[in-house]
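Colleague: Coordinates only, no sequence provided:
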């Protein structure tokens, strides 16, 4: 399967998520994950689909894989907080939400500087 087929699967998963079909999105994104294991965008979207499908433990498992793949960012912590809350782990969810807020604040006060295009 080439890159355009994978892009089509990613788009299909996105469309299902946007149209309140998280179960279908999870199936498509799980297939894409099989084709490209460890892709951070796919894992993040899959965790979101699993969370919206009322499968928070699966979402947590996917988020563990996302962390291993280096995809820990503000969105990761927000998804994790939601999944932990859905599994009645309030204290852990609060910690994850604090991490989300801290990363969002750090991004606002220190935005990433784009690379210089100056050839010197």
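Modeller: Noted; the coordinates are in hand. Treat the numbers as computed from the prediction; the structure is a model and nothing was measured.
Colleague: Show me which residues of the longest helix along the chain are buried.
Modeller: As assigned by DSSP state H, the longest helix anywhere in the chain is helix 90-109. Going by neighbour count (16 or more other C-beta atoms under 10 Å), the buried part of helix 90-109 is 92, 93, 96, 97, 99, 100, 103. Every residue, glycine included, has its C-beta placed from N, CA and C.
Colleague: what's the offset of it from the middle of its chain?
Modeller: Here the centre of helix 90-109 is set off from its chain's centre by 15 Å, with C-alpha atoms, centre = their mean, to the nearest Å.
Colleague: what's that helix in contact with?
Modeller: By C-beta atoms under 8 Å, 6 or more residues apart in numbering, the residues outside helix 90-109 that reach it are 73, 74, 77, 78, 80, 81, 82, 84, 85.
Colleague: if you set the cut-off to 6 Å instead, what comes out?
Modeller: Around helix 90-109, the neighbours that count as contacts under C-beta atoms under 6 Å, 6 or more residues apart in numbering are 74, 77, 78, 80, 81, 84, 85.
Colleague: who's in contact with the last one?
Modeller: If a contact means C-beta under 6 Å, 6+ apart, then residue 85 has residue 93 as its contacts.
Colleague: Poorly predicted segments of this protein, please.
Modeller: 1, 111-120 (pLDDT under 70).
Colleague: Does the residue sitting nearest the centre point of it lie in a helix or a strand, and which?
Modeller: By C-alpha atoms, centre = their mean, the mean C-alpha position of the chain lies nearest to residue 44, the distance being 1.8 Å. Element membership for residue 44, per DSSP states H and E: helix 40-52.
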